[in-house]
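**Q** Pasted the sequence and its predicted model underneath.
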Amino acid sequence: MITYSTEKNYTAEQLKELFLSVEWLSGKYPVKLKKALDNCGTVITAWDGGELVGLINAIDDGVLTAYVHYLCVRPEYQAKGIGRELLRQVKEKYHDFLYLLLVAENEPLIKYYKGHGFACYDERSVMMIQNDELKDGE
């Protein structure tokens with residue numbers, strides 16, 4: 001049975017395993033990842049017993065805008081409603097905000113998020129600077 005928690009009771013190792021299971025670069029920096037998530041206002045985790053199987057987090061300004069930064073579910077737990085439930089909980093928390101934003105990096109994700117009420121905005125692009133000089137594990 002999957003349980004959900006808003007307590008930040010995960011370890012850096014559990015985060016590493018979850019994020020690397022979906023091949024996300026953040027998993028190579030488990031100590032920084034844990035610190036980053038600990039500093040977020042919203043982190044909701046999904047657990048199968050003692051195993052961290054899913055996570056969503058959001059960063060917000062407290063009034064108007066919230067950004068969903070991560071939504072990840074271990075591959076063997078995907079398509080079982082865990083991502084849907086994590087999204088539902090975040091959407092419920094931020095239902096009074098003007099914007100709930102996220103980045104969808106490919107067509108399957110765009111389709112997934114559209115199915116959960118999100119819409120694409122034409123002529124707007126995600127922009128970033130990536131620091132490739134970070135050392136693994138720091």
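**A** Received it, and whenever you're ready, just let me know what you need.
**Q** Nearest residue to A66 in space, please, no chain neighbours.
**A** Spatial nearest neighbour of A66, chain neighbours left out: D60 (3.7 Å); criterion: CB to CB, 6 or more residues apart in numbering. In this view, the C-beta of every residue, glycine as well, is placed from N, C-alpha and C.
**Q** how far away is that neighbour from Y99?
**A** Counting by CB to CB, to the nearest Å, the gap from D60 to Y99 is 10 Å.
**Q** likewise Y4?
**A** 24 Å.
**Q** Show me which of those two is the more surrounded one.
**A** Legend: neighbour count by other CB atoms under 10 Å for Y4 and Y99, higher for Y4 (15 against 11).
**Q** Just to check, that one is in contact with V43?
**A** No. The pair Y4 / V43 is not scored as a contact, 11.0 Å apart, by CB atoms under 8 Å.
**Q** Name all residues that make contact with the spatially most central residue of the chain.
**A** Nearest to the mean C-alpha position of the chain, by CA atoms, centre = their mean, lies Y70 at 1.8 Å. Counting by CB atoms under 8 Å, 6 or more residues apart in numbering, Y70 touches W24, S26, L37, L55, I56, N57.
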